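Chemist: Provide a 3D model corresponding to the input given below.
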Amino acid sequence: MEVFEAIEKRRTVREFENESISQEIIEKIINAGLQAPTNDHMRDWHYIVIRDKNKTLKLLDIIPKGISDEDMEQLIKDWNLKDSEQQSCYRNAVPKQQKMLLEASVIVIPLLKQKTDILHPDNISHLNGFASIWCSIENIFLASTAEGYGCALRVPLGNEGEYAREVLGFPNDYFMPCFIGIGRPKADADVVKQKDITVKDRIHWDIW
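Modeler: From the prediction side, this is the model:
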């Protein structure tokens, strides 16, 4: 798949077919993640790939299985989501947070070596390592798309990251930015409408 086609087709997917992904393809996708740029040139990243469904169930046990209509409305209010298309995206995504990862063929946990306190940075440069691994994560999304798969992403809330550390045993000096679920999209999977953006409206030549 040509790069611009992969960028165009890359979408978050939250409904997957019940099929496996070969180790060869998973390694190819993760290797694409490792090709991303990194601020210190070290690429001190590791990736835990979870295929075992029992391990998956244990890992995801901490994630809420759904949300009531009342709590959804309160979330929209608390997060100040005023745009109708934005609200629609959240209404679609929030109830599926556990289910989408349970249904994925694999879960990938990207990890970066913490060299500064990411959650309490002294300055913006201390976030360079955190920014770099998100380049790796996007490469994983694009590579998955190019191979005909889709991805779902969840940023850990509350103590989900520390719980994942207990379940998976990764070292204390590594930081987990997200859960990634990868799988074959269902033919009838929801396609959430994104806001239409015109590139000419967002480019400012030489000055704002």
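
Chemist: contact partners of the strand ranked longest in the chain?
Modeler: Ranked by residue count, the top strand of the chain under DSSP state E comes out as strand 106-113. Residues outside strand 106-113 that contact it (C-beta atoms under 8 Å, 6 or more residues apart in numbering) are 21, 26, 30, 33, 42, 44-51, 56, 59, 101, 129-130, 132-133, 136-137, 140, 164, 168, 170, 173-183. From N, CA and C alone the C-beta is placed, and that goes for glycine too.

Chemist: Now do the strands in this protein.
Modeler: Listed in chain order (using DSSP E), the strands of the chain are 45-50, 106-113, 150-154, 174-175, 179-183.

Chemist: Relative to residue 121, which of these is closest?
Modeler: Closest to residue 121 of those is strand 174-175 (C-beta to C-beta; 12.3 Å).

Chemist: now what about that closest one, what contacts it?
Modeler: 46, 111-114, 118, 130, 161.

Chemist: Could you identify the most distant pair in those residues?
Modeler: In terms of C-beta to C-beta, these reach their longest pairwise distance at 46 and 118, which sit 15.9 Å apart.

Chemist: so residue 191 makes contact with residue 12?
Modeler: No. Counting by C-beta atoms under 8 Å, residue 191 sits too far from residue 12 to count as a contact (9.9 Å).

Chemist: just to revisit the earlier point, mind giving me the ChimeraX select for the contacts of strand 174-175, buried ones only?
Modeler: The following ChimeraX line selects those of those that are buried, judged by 16 or more other C-beta atoms under 10 Å:
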select :111,112,113,114,130,161
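
Chemist: for the contacts of strand 174-175, which one is nearest residue 69?
Modeler: Of all these, the one sitting nearest residue 69 is residue 161; the distance, using C-beta to C-beta, is 28.3 Å.

Chemist: burial count for the residue nearest to the closest one when sequence neighbours are not counted?
Modeler: Leaving out its chain neighbours, the residue that sits closest to residue 161 by C-beta to C-beta, 6 or more residues apart in numbering is residue 176, at 4.9 Å. Here the number of neighbours of residue 176 (other C-beta atoms under 10 Å) works out to 20.
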